[in-house]
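Undergrad: need coordinates for the below:
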Amino acid sequence: MPRIAYDDRDPAITFSNGRWIRVSGPGGYQYAGTRTGTLSDRATMSFNFEGTKVTVVGLINFIRNDTSWVGRTPVADFIIDDGPPTRFQPPPTSFDLHQHTFFESQALEDGPHHLRIVNIGVNSDLWIDVVYVERPERGGGEGGQGGEGSGGGEGGGEGEEEGPSSNPHPIPAPQEPEPPRTQGTETVTVNHPDSRPSSTAPQVASSVDSDSLVSSSIVAGTSSNQTIFETQVKTILRSQVVETGATETGIPEAGDGSSNPGGTGSTPRVSAGAVVGGVLGGLAFLLLLAFVTVLLRRRRVRKGYIFNGRGRLEDDSEVSPPEYNSITSPFVEVLSPHRGPIFVSKSPPR
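TA: Numbering: from 1, shown residues only. Predicted coordinates:
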């Protein structure tokens with residue numbers, strides 16, 4: 001048997017005869033995250049439904065005052081079809097009771113019914129969270145999954161345990177026409193509906209190469225003469241879009257930042273890595289050339305100069321033979337043009 005959930009925000013539920021407060025949260029404790037409550041005496045909630053059973057679920061809120069822990073427990077009368085009331089008396093508790101069942105009716109005849117809830121007492125803290133209605137399964141498709149309407153008081157649009165309700169009259173989306181295919185190319189042609197005569201209505205044709213991928217979708221709006229056409233083109237070679245009755249417009253090649261007004265060619269792209277590599281190679285070559293030049297100049301300078309005995313740097317072309325102006329041995333060397341050196345003793349004869 002289908003069970004439909006009516007949240008406290010559902011328009012089928014009305015609150016009157018007092019001050020009602022709607023609160024959100026805490027998450028995970030309330031159905032759809034909200035609850036509606038009152039502290040007013042004789043505050044009333046009304047609900048029209050169609051089914052065989054109704055269940056009311058809410059919160060028993062436990063509040064602490066300045067002296068001790070006291071629960072402001074709810075006390076309320078539940079009345080079906082103006083019958084005898086059924087009073088709810090809360091159980092004793094020292095903490096909050098979420099998703100607590102306040103009222104569960106007996107089996108009712110299948111048909112329309114009316115539920116009325118009346119808060120009793122000024123200290124009755126009544127919080128309504130959700131109302132569940134059970135309906136028998138009906139053949140022929142009066143579905144209990146999505147409700148029977150919205151705003152009429154009998155269901156519709158409100159959430160239920162099996163899932164959210166859907167539009168009973170959805171607008172069918174137009175099917176995408178299959179584009180004509182030719183060998184080597186793929187063409188997509190769409191006629192946009194317009195109020196102008198058919199002779200001036202623009203036609204958009206997109207022609208791409210065989211390596212391209214064309215995906216298009218048509219989304220219908222709320223008006224019959226309003227259509228949005230989206231085309232996404234990813235191509236490897238090139239693509240052109242021509243609008244009949246307008247100037248030709250070229251789409252630049254994918255990944256190319258420059259524009260191509262003619263749409264007949266593409267600008268060659270230079271790799272950034274190749275440019276950086278060339279610049280670094282040129283700088284390295286210049287540094288190597290400068291290093292070799294400095295090294296050769298230093299070697300040439302060192303080869304043309306020598307240091308004399310006094311520690312001065314002189315040209316080797318002006319260096320004269322060393323002079324023997326000191327005697328370091330007891331013999332004096334006398335050079336003879338005909339014979340070898342003759343050593344003469346400096347010591348006086350004994």
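Undergrad: shouldn't residue 287 be within a strand?
TA: No: Residue 287 sits outside any strand when classified using DSSP: H, G, I helix; E, B strand; the rest coil, being helix.
Undergrad: relative to residue 296, how far out is it?
TA: 15 Å (CB to CB, to the nearest Å). All C-beta atoms are positioned from the backbone trio N, CA, C, and that covers glycine.
Undergrad: one more: residue 73?
TA: In terms of CB to CB, residue 73 sits 105 Å off from residue 296.
Undergrad: for those two, indicate the residue with more neighbours.
TA: residue 73 (21 against 10; other CB atoms under 10 Å).
Undergrad: and the closest residue to the more buried one other than its chain neighbours, how far from residue 56?
TA: Leaving aside its sequence neighbours, residue 73 sits nearest to residue 90 (CB to CB, 6 or more residues apart in numbering; 3.9 Å). Separation of residue 90 from residue 56 (CB to CB) stands at 13 Å.
Undergrad: now residue 137
TA: 23 Å.
Undergrad: between those two, who's got more neighbours?
TA: Using other CB under 10 Å, the more surrounded residue of residue 137 and residue 56 is residue 56, with 23 against 9.
Undergrad: parallel or antiparallel, list what pairs with whichever strand or helix holds that one.
TA: Counting by DSSP states H and E, the element that carries residue 56 is strand 53-60. Using DSSP bridges, strand 53-60 pairs in its sheet with strand 97-104 (antiparallel), strand 126-134 (antiparallel).
Undergrad: pLDDT averaged over the last one - what is it?
TA: Predicted confidence along strand 126-134 averages 96 (mean pLDDT).
Undergrad: which of the residues in it are buried?
TA: Using 16 or more other CB atoms under 10 Å as the test for burial, strand 126-134 gives 126, 127, 128, 129, 130, 131, 132, 133, 134.
Undergrad: dump the residues you listed to CSV, plus distance to residue 47.
TA: CSV is the format used below for the buried residues of strand 126-134 (distance: CB to CB, whole Å):
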residue, distance to residue 47
126, 14
127, 16
128, 10
129, 13
130, 11
131, 6
132, 11
133, 9
134, 14
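Undergrad: looking at those, which is nearest residue 2?
TA: Proximity to residue 2 was ranked across those by CB to CB; first place goes to residue 134, at 7.1 Å.
Undergrad: mind listing the residues bridging to the closest one?
TA: Beta-bridge pairing for residue 134 (DSSP bridges): residue 3, residue 53.
Undergrad: you'd agree it is up against residue 5?
TA: No: in this structure, residue 134 is not within contact of residue 5 by CB atoms under 8 Å, at 10.8 Å.
Undergrad: for residue 163, give me the pLDDT.
TA: 41.
Undergrad: I misspoke; the intended subject was residue 27.
TA: 73.
Undergrad: in a helix, it, correct?
TA: No: membership of residue 27 in a helix is not supported by three-state DSSP, which gives coil.
Undergrad: pull the number of nearby residues for it.
TA: 7.
Undergrad: ok, it - contacts?
TA: residue 33 (CB atoms under 8 Å, 6 or more residues apart in numbering).
Undergrad: for it, give me phi and psi.
TA: phi -60, psi 140 (degrees, to the nearest 10).
Undergrad: and the gap between it and residue 277?
TA: 58 Å.
Undergrad: what do you get for residue 292?
TA: 23 Å.
Undergrad: quick check: nearest residue in space to residue 87, chain neighbours excluded?
TA: residue 77 (5.3 Å).
Undergrad: assign the one you found to helix, strand or coil.
TA: strand.
Undergrad: that one - how many residues pack around it?
TA: Neighbourhood size, residue 77 [other CB under 10 Å]: 17.
Undergrad: would you agree it is in contact with residue 115?
TA: No: the pair residue 77 and residue 115 fails to qualify as a contact (CB under 8 Å) at a distance of 11.2 Å.
Undergrad: any idea how far residue 22 is from residue 8?
TA: Residue 8 is 7 Å from residue 22, by CB to CB.
Undergrad: need the overlap of contacts for those two.
TA: By CB under 8 Å, 6+ apart, residue 8 and residue 22 have these common neighbours: 34, 35, 36.
Undergrad: these in strands, which ones?
TA: Under the assignment DSSP state E, the shared contacts of residue 8 and residue 22 contribute 34, 35, 36 to strands.
Undergrad: closest to residue 15 out of the strands paired with strand 53-60?
TA: When these are compared by CB to CB, strand 126-134 sits nearest residue 15, at 8.3 Å.
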